[in-house]
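Colleague: Pasting the sequence and the predicted model now:
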Amino acid sequence: MTFGFQLFAFCVTSLLLTIVVAKSLRSTFTVNLILSSLAFLGAMKLIPSSKSLFLKANCVGIDVNKLNKPQIPESIGLVVACCYFICMGCFLPFPFKESPAGNKEFFYCEYVEMVCGLLSICYMVLLGFVDDILELRWRDKLVLPAIATLPLLLVYHNNGGSTYVSMPSLLRPWFGGAVDLGYFYYLCVSVMGVFCTNAINILSGVNGLEAGQSENRAHYVSLFFMMPFVFVTLALTYYNWFPAEVFVGDTFCYFAGMTFAVAGILGHFTKTLWLFFIPQLLNFIYSVPQLLRLIPCPRHRMPRLDESTGKLINSFTSFKPLELSPSGRFIFNVLKFLRLAKIIDDGSGHVRMSNLTLINFFIYVFGSKREDKVTASLLLLQVMCSFLAIYIRYGISPPIFVVGD
């Protein structure tokens, strides 16, 4: 059975199931769970079926951290994104099929917001696939996600979305309970979309890493976006885990980042979303000297394989410290003094410094490890930071902010 026929069968099955479920169930959460489970099964079936298509189109990547350097299908994030959109397309009418009397305009506004949220995600999937094929420059990667957030931001503005930000208790005597950021709020949200889409892409390079609240109605909307995403990501993780059968590509990184951004914007918990990106924020801050070219940055900064042991070791960038700009030399000296990177001086004025990524820093601190153990350790860090984010949001935040996010 061809990939196209399997995808068509998945669409028809989802549609028929939606019709059956619509007559028997009223709980939108249950409907979302059922369709998400179907999306998981569809992704589990479609991913292996699509591998030959990507190989034939030469959409492949070389797994440089394996001894035999196999060619693996790349951009498989496109397949799980298709499953996600089919699931969401079938689910979308359910939350709004029965509008309470007098609330039709409110339900219509929410419906349009969800549609525009999906449109923004769809834009990023397209741009991610273009990036996989054309290998866009970093300056393009910063601009394009901001453009993709425009439909969502414009609808949010037209629907009278709040631009107020609650203030901590200590600042309320001077600024009041909340501050209206006005149009600056939309700039901040657009920057969040740019960060989310690129942060996952920056913190990647080992098998399985990319793919590894219900207080009010707005939180339910975000839950409806995230549940199908979690299910299709589980299917992708199964095939992307060490040793990887497929690569997720920038397509999935952009898809995942924009999905998080849309959920945070529509759920009105953008500050909480930043807390869940603590590892990505740390990785971004650590990477800034290379991203800004203050320190030489190679095309790929992922760790490399020590073929004698089968373990990952640091990858390096080479340069002469004296040839760096004054700011570059200052940052290099700080990194050297604080021992935040592995630096090897050959005595001739050249140095080799480990690339500034969280993965390389982990290997520098804890030593070389097998690729799957590095992935598991970093995912454990992500889980710990998520619990920390929950504690900050629901343990520390309420007495400081008094009101909700």
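Modeller: Thanks, I have the structure now.

Colleague: shaky segments in the stretch 101-250 of the chain?
Modeller: Residue ranges of the stretch 101-250 of the chain with pLDDT under 70: 101-108, 138, 159-161, 168-169, 201-220.

Colleague: At which residues are the strands of it located?
Modeller: Along the stretch 101-250 of the chain, counting by DSSP state E, counting those that start in this stretch, strands occupy 164-166, 178-180.

Colleague: Residue 79: which of those strands is closest?
Modeller: strand 164-166 (38.6 Å; Cβ to Cβ). From N, CA and C alone the C-beta is placed, and that goes for glycine too.

Colleague: buried set for the closest one?
Modeller: Neighbour-count burial for strand 164-166 flags 165-166 (criterion: 16 or more other Cβ atoms under 10 Å).

Colleague: Can you tell me the strand partners of that strand and which way each runs?
Modeller: Strand 164-166 has the following strand partners under DSSP bridges: strand 178-180 (antiparallel).

Colleague: would you turn the strands of the stretch 101-250 of the chain into TSV with distance to residue 382?
Modeller: Compiled in TSV, those are given as follows (distance: least, Cβ to Cβ, whole Å):
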stretch	distance to residue 382
strand 164-166	27
strand 178-180	31
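
Colleague: To residue 222, which of the ones you listed lies closest?
Modeller: In terms of Cβ to Cβ, the element of the strands of the stretch 101-250 of the chain nearest to residue 222 is strand 164-166, at 18.4 Å.

Colleague: Residue 75: how many residues sit nearby?
Modeller: Neighbours of residue 75 under the rule other Cβ atoms under 10 Å: 25.

Colleague: Alpha carbons of stretch 378-391, as PDB, please.
Modeller: Provided in PDB are the C-alpha atoms of stretch 378-391 (Å, rounded to 0.1, in the frame of the first residue of the first chain):
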ATOM      1  CA  LEU A 378      19.300  15.900  29.000                       C
ATOM      2  CA  LEU A 379      15.600  14.900  28.900                       C
ATOM      3  CA  LEU A 380      15.800  14.200  32.600                       C
ATOM      4  CA  LEU A 381      17.100  17.800  33.000                       C
ATOM      5  CA  GLN A 382      14.100  19.000  30.900                       C
ATOM      6  CA  VAL A 383      11.700  17.100  33.200                       C
ATOM      7  CA  MET A 384      13.400  18.500  36.400                       C
ATOM      8  CA  CYS A 385      13.100  22.000  34.900                       C
ATOM      9  CA  SER A 386       9.500  21.400  34.100                       C
ATOM     10  CA  PHE A 387       8.800  20.500  37.700                       C
ATOM     11  CA  LEU A 388      10.700  23.600  38.800                       C
ATOM     12  CA  ALA A 389       8.600  25.700  36.400                       C
ATOM     13  CA  ILE A 390       5.400  24.300  37.900                       C
ATOM     14  CA  TYR A 391       6.700  25.000  41.400                       C
END
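
Colleague: Distance from that stretch to the middle of the chain?
Modeller: On the basis of Cα atoms, centre = their mean, to the nearest Å, stretch 378-391 is displaced by 15 Å from the centre of the chain it belongs to.

Colleague: Now do the buried residues in that stretch.
Modeller: Across stretch 378-391, burial judged by 16+ other Cβ under 10 Å covers 378, 382, 385, 389.

Colleague: Does residue 381 touch residue 279 like I think?
Modeller: Yes. With contact defined as Cβ atoms under 8 Å, residue 381 reaches residue 279; the gap is 5.8 Å.

Colleague: tell me which element the residue nearest in space to the middle of the chain is part of?
Modeller: Closest residue to the average C-alpha location of the chain: residue 257 at 3.0 Å, with Cα atoms, centre = their mean. Element membership for residue 257 (DSSP states H and E) is helix 249-266.

Colleague: So which elements touch the following helix or strand past that helix?
Modeller: Following helix 249-266 in sequence order, the next helix or strand is helix 270-276 (DSSP H and E). Applying 3 or more Cβ pairs under 8 Å, 6 or more residues apart in numbering; DSSP states H and E, we find helix 270-276 packed against helix 183-202, helix 249-266, helix 371-391.

Colleague: In contact with the residue nearest to the centre of the chain, which residues are there?
Modeller: Applying Cβ atoms under 8 Å, 6 or more residues apart in numbering to residue 257 gives the contacts 124, 145, 193, 195-201.

Colleague: right, so the helices and strands packed on helix 270-276: which one is the most enclosed?
Modeller: Burial among the helices and strands packed on helix 270-276, expressed as mean neighbours by mean count of other Cβ atoms under 10 Å, is greatest for helix 249-266, which shows a mean of 27.

Colleague: From the chain's centroid, how far away is that helix?
Modeller: A distance of 5 Å separates the centroid of the chain from that of helix 249-266, by Cα atoms, centre = their mean.

Colleague: that older thread, tell me which of the strands of the stretch 101-250 of the chain approaches residue 306 most closely.
Modeller: Comparing the strands of the stretch 101-250 of the chain against residue 306 with Cβ to Cβ, the closest turns out to be strand 164-166 (48.4 Å).
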